[in-house]
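S.K.: I would like the atomic coordinates for the input below:
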Amino acid sequence: MSNPSWHFEYPERGDHIRVCRMGGIYYHHGIFVSADEVIHFTGDDDDSVLDWSKAHIIKTSLQTFLAGGEVEVAHYDADEVYPVDDVVTYARDCIGESGYNLFFENCEHFATECKIGEHRSPQVERFISGTKVVTNVIGGNTMGLFSSIMSNAMGIGGKILSTIGDFVFGSSDSSTRKRPPANSDQVKLA
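M.R.: Okay, here's the model as predicted:
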């Protein structure tokens, strides 16, 4: 899977959207259904990126999702995405789920999984990769080793990454969703 390109434009039903938060520190992601319905992994009052116990998959208005920010829409290769109705149905079926984890089960993991069937967060992958570079430059052998393990685990798969994350950051109720990538044979046969 390639990373999507992002465009400032009004979204269409089933689009993976994001908004910049905290002055550019991170992006919050969701699935756009309508101006009255955006489905995303967050807390009722805020993104709750540090208080994981408050976060669950909810439905809000676009205005609430944006919180004053500007919407960006993900553009994927056409053969990577699920049909619009499948994206919306899947996202709606997930409403109420919890188990948020900033590194292994966040809003971007959720939106990417809805749209293309891959449980990924390029934002986290870039952070972990950046941590590796910084720690190697300053000679932090322990963190450098941790970052190397984390980066390698990203390529090996989510289960290993989730296990490392549970050990390092505390256990989370990892996703039990098993959605195959949109361009896989499993989807074509279904």
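
S.K.: Could you pick out the longest strand of the chain?
M.R.: strand 26-34 (DSSP state E).

S.K.: Could I get the buried residue list for that one?
M.R.: Tyr26, Tyr27, His28, His29, Gly30, Ile31, Phe32, Val33 (16 or more other Cβ atoms under 10 Å). The way it works is simple: take the backbone N, C-alpha and C, and place the C-beta from them, glycine included.

S.K.: and if you look at stretch 12-23?
M.R.: For stretch 12-23, by 16+ other Cβ under 10 Å, it's Gly14, Asp15, His16, Ile17, Arg18, Val19, Arg21.

S.K.: Tabulate those residues (TSV), appending secondary structure, pLDDT and distance to Ile116.
M.R.: Listed next are the buried residues of stretch 12-23 as TSV, based on DSSP: H, G, I helix; E, B strand; the rest coil; pLDDT from 0 to 100; distance: Cβ to Cβ, whole Å:
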residue	secondary structure	pLDDT	distance to Ile116
Gly14	coil	98	12
Asp15	coil	98	12
His16	strand	98	8
Ile17	strand	98	14
Arg18	strand	98	14
Val19	strand	97	20
Arg21	strand	90	23
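
S.K.: How many residues are close by Ser2?
M.R.: Residues near Ser2, counting by other Cβ atoms under 10 Å, number 9.

S.K.: could we number from 31 for the rest of this?
M.R.: Happy to do that; since the first residue is 31 now, the last one works out to Ser32.

S.K.: Which residue is the nearest non-sequential neighbour of it?
M.R.: Asp107 (6.5 Å; Cβ to Cβ, 6 or more residues apart in numbering).

S.K.: where do the helices sit along the chain?
M.R.: With DSSP state H as the definition, the chain shows helices at residue ranges 92-96, 114-124, 137-146, 152-168, 171-186, 188-199, 215-219.

S.K.: by how many degrees do the second one and helix 137-146 diverge?
M.R.: It refers to helix 114-124. 140 degrees (axes from the mean of the first three to the mean of the last three Cα atoms, to 10 degrees).

S.K.: What are the buried residues along helix 114-124?
M.R.: Asp116, Val117, Val118, Tyr120, Ala121, Cys124.

S.K.: Export that helix to CSV, keeping only CA atoms.
M.R.: In CSV, the C-alpha atoms belonging to helix 114-124 read as follows (Å, rounded to 0.1, in the frame of the first residue of the first chain):
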residue,chain,number,x,y,z
VAL,A,114,-18.1,3.8,-0.8
ASP,A,115,-21.1,1.9,0.7
ASP,A,116,-18.7,-0.8,2.2
VAL,A,117,-16.6,2.0,3.8
VAL,A,118,-19.6,3.7,5.4
THR,A,119,-21.2,0.4,6.5
TYR,A,120,-18.0,-0.8,8.1
ALA,A,121,-17.3,2.5,9.9
ARG,A,122,-20.9,2.5,11.2
ASP,A,123,-20.6,-1.1,12.4
CYS,A,124,-17.5,0.0,14.5
